[in-house]
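Enquirer: can't give you the sequence, but here's the structure:
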Ligand code: ASP
Ligand code: MG
């Protein structure tokens, strides 16, 4: 572990570059951006290669539907009128991952997501409103299996980029190392203990706040997991441990060096009564989830999976200060841009 708040690249976020977002038709031609986009193409290719080698099937992702993921850390969903009925733009494809997994067993999407993040997220360099996540689900897997896949995926992608883009990384000023495996695993409680021992506020009952997560991320030189989040921290679909009520069988992976959240994943609730109970407890109205509840009544297998944001992965690999440098036409909260 390294000392807290050491100054590293990611800390020096330059907000003046926010102004250029309205001119992405120019920034996309910048030599630096071209390198990032070439690396991003390699990242996507390598991720597909890795998942395909494990027998995962890539499916086309949903873009719209009657319901979408409510567990999006304070962001808002986009709702629109679909021939007189309410529809949503996918905030994540979690519900459809379960649908697809029930057919093909091991599946993934490159899933475009929209989340209307709060206005102040524009200044953190961490959030886009429009992004893509590689979204994976496997039938009969545990959350430890899912962590293993996430760890393998990241390591494979980093190795591939190091092999094919040594010069580009040097030009970007990025010293990237192959992560050391196995990645460290902290329970949510252990993570909160570490934060509190450094005088940083975090609760045993809730999600770790963004800024605390960033500080924790500075303390590590390799990616690491936080697992066993408390029930109050997550959406209804992360499975509660039947032997340890109040604890979810879920995880995040965090990048080191202050880059923060990389992955969220979990085992899933899949029994209809339990899902309805969890929906009610998290303030969701089960009546709104028509097709999803019908599907659960029809029956689906247990599963686990995760989502890894492509732009955050690109930001970490390329050592970029801001997330908007990792997307060709970035949309950031409150900024009107192409
Ligand atoms: N749906 C989660 C998210 O978007 C990822 C997952 O649990 O698979 O954060
Ligand atoms: Mg997450």
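Expert: Alright, I've got the coordinates. Owing to the predicted nature of the structure, the values given are computational and were not obtained by experimental measurement. Ligands and ions are numbered 1, 2, ... in the order given.

Enquirer: What segments of the stretch 151-300 of the chain are helices?
Expert: 166-172, 188-197, 210-218, 272-281, 290-298 (DSSP state H, counting those that start in this stretch).

Enquirer: Tell me which of those helices is the most buried.
Expert: helix 210-218 (a mean of 20; mean count of other CB atoms under 10 Å). Glycine gets a C-beta too; all of them are placed from N, C-alpha and C.

Enquirer: Tell me which other helices or strands that helix touches.
Expert: helix 188-197, strand 250-255, strand 260-267 (3 or more CB pairs under 8 Å, 6 or more residues apart in numbering; DSSP states H and E).

Enquirer: tell me which parts of the chain are close to ligand 1?
Expert: For the chain, the residues in contact with ligand 1 (CB under 6 Å from any ligand atom) are 69, 92, 94, 135, 264-266, 305-307.

Enquirer: repeat that for 8 Å
Expert: 69, 71-72, 91-94, 97, 113, 133, 135-137, 235, 237-238, 250, 263-266, 305-307 (CB under 8 Å from any ligand atom).

Enquirer: Reformat the helices and strands packed on helix 210-218 as CSV; add mean pLDDT and distance to residue 58.
Expert: CSV is the format used below for the helices and strands packed on helix 210-218 (pLDDT from 0 to 100; distance: least, CB to CB, whole Å):
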stretch, mean pLDDT, distance to residue 58
helix 188-197, 98, 32
strand 250-255, 98, 21
strand 260-267, 97, 18
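
Enquirer: so which of the ones you listed gets nearest residue 141?
Expert: strand 260-267 (7.7 Å; CB to CB).

Enquirer: Name the strands paired with that closest one and say parallel or antiparallel.
Expert: Sheet partners assigned to strand 260-267 using DSSP bridges are listed as strand 250-255 (antiparallel), strand 303-309 (antiparallel).

Enquirer: Tabulate these (JSON lines), appending distance to residue 25 and mean neighbour count.
Expert: Putting the strands paired with strand 260-267 into JSON lines (distance: least, CB to CB, whole Å; neighbours: other CB atoms under 10 Å) gives the following:
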{"stretch": "strand 250-255", "distance to residue 25": "30", "mean neighbour count": "25"}
{"stretch": "strand 303-309", "distance to residue 25": "24", "mean neighbour count": "25"}
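
Enquirer: can you redo the ones you listed as TSV with distance to residue 230?
Expert: Below are these laid out as TSV (distance: least, CB to CB, whole Å):
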stretch	distance to residue 230
strand 250-255	10
strand 303-309	19
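
Enquirer: closest to residue 209 out of those?
Expert: Here strand 250-255 is closest among these (CB to CB), at 13.1 Å.

Enquirer: Please enumerate residues in contact with that closest one?
Expert: With CB atoms under 8 Å, 6 or more residues apart in numbering as the test, strand 250-255 has contacts from 143, 146-147, 150-151, 154, 183, 213, 216-217, 220, 223-229, 234, 238-239, 260-267, 306, 308, 312, 316.
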